[in-house]
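# after the sequence you'll find the predicted model.
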Amino acid sequence: MTEREFAETLALQGLGWLVAQDGLLPGFLAATGAAPTDLAVRAGDPDFLAAVLDFLLSEDALVISFCDAVGLPYEAPMRARSALPGGGAPHWT
């Protein structure tokens, strides 16, 4: 599995986890501007998947809860985020 495939798979897991959590989906929708009907349609869009990971990474508690739920190390979402659009480290030189 390539890094990009890993990232997209993890982001899809994150989206599924977000949908299943009471109270988190409205915050995600507000943060991304997505509508509930957009979720299935945009689930294959790398930019949307990056937004899923950005939301998860916005709070340590979300990272911990998600990773504990799916059995991943806590650094996995950050690793995945770096493989999606806009996730590269900034170059200051």
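Arrived safely. Note that the structure is a prediction, hence the values are computed from the model and not measured. Numbering: from 1, shown residues only.
# skipping adjacent residues, who's closest to the residue nearest to the spatial centre of the chain in space?
Closest to where the C-alpha atoms of the chain average out (CA atoms, centre = their mean) is Leu53, at 2.2 Å. Leaving out its chain neighbours, the residue that sits closest to Leu53 by CB to CB, 6 or more residues apart in numbering is Arg81, at 4.3 Å. Where you see a C-beta, it was placed from the backbone N, CA and C, and this is true even at glycine.
# what packs against the helix or strand where the one you found lies?
Here Arg81, judged by DSSP states H and E, is contained in helix 76-82. Under the contact definition 3 or more CB pairs under 8 Å, 6 or more residues apart in numbering; DSSP states H and E, helix 76-82 sits against helix 3-20, helix 46-56, helix 60-70.
# hmm, who's touching that helix?
3, 6-7, 10-11, 14, 50, 53-54, 56-57, 63, 66-67, 87-89 (CB atoms under 8 Å, 6 or more residues apart in numbering).
# just the buried ones from these?
Applying 16 or more other CB atoms under 10 Å to the contacts of helix 76-82, the neighbour count classes 7, 10-11, 14, 50, 53-54, 56-57, 63, 66-67, 87 as buried.
# got TSV for those, with pLDDT and distance to Leu29 too?
Formatted as TSV, the buried ones among the contacts of helix 76-82 follow (pLDDT from 0 to 100; distance: CB to CB, whole Å):
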residue	pLDDT	distance to Leu29
Ala7	96	22
Leu10	98	20
Ala11	97	16
Gly14	97	14
Ala50	96	16
Leu53	97	16
Asp54	96	14
Leu56	97	14
Leu57	96	17
Val63	98	20
Phe66	98	17
Cys67	98	22
Gly87	73	21
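# and those, which is closest to Ala31?
The closest of the buried ones among the contacts of helix 76-82 to Ala31 turns out to be Asp54 (CB to CB; 8.1 Å).
# check contacts around that closest one.
Neighbour list for Asp54: Arg81 [criterion: CB under 8 Å, 6+ apart].
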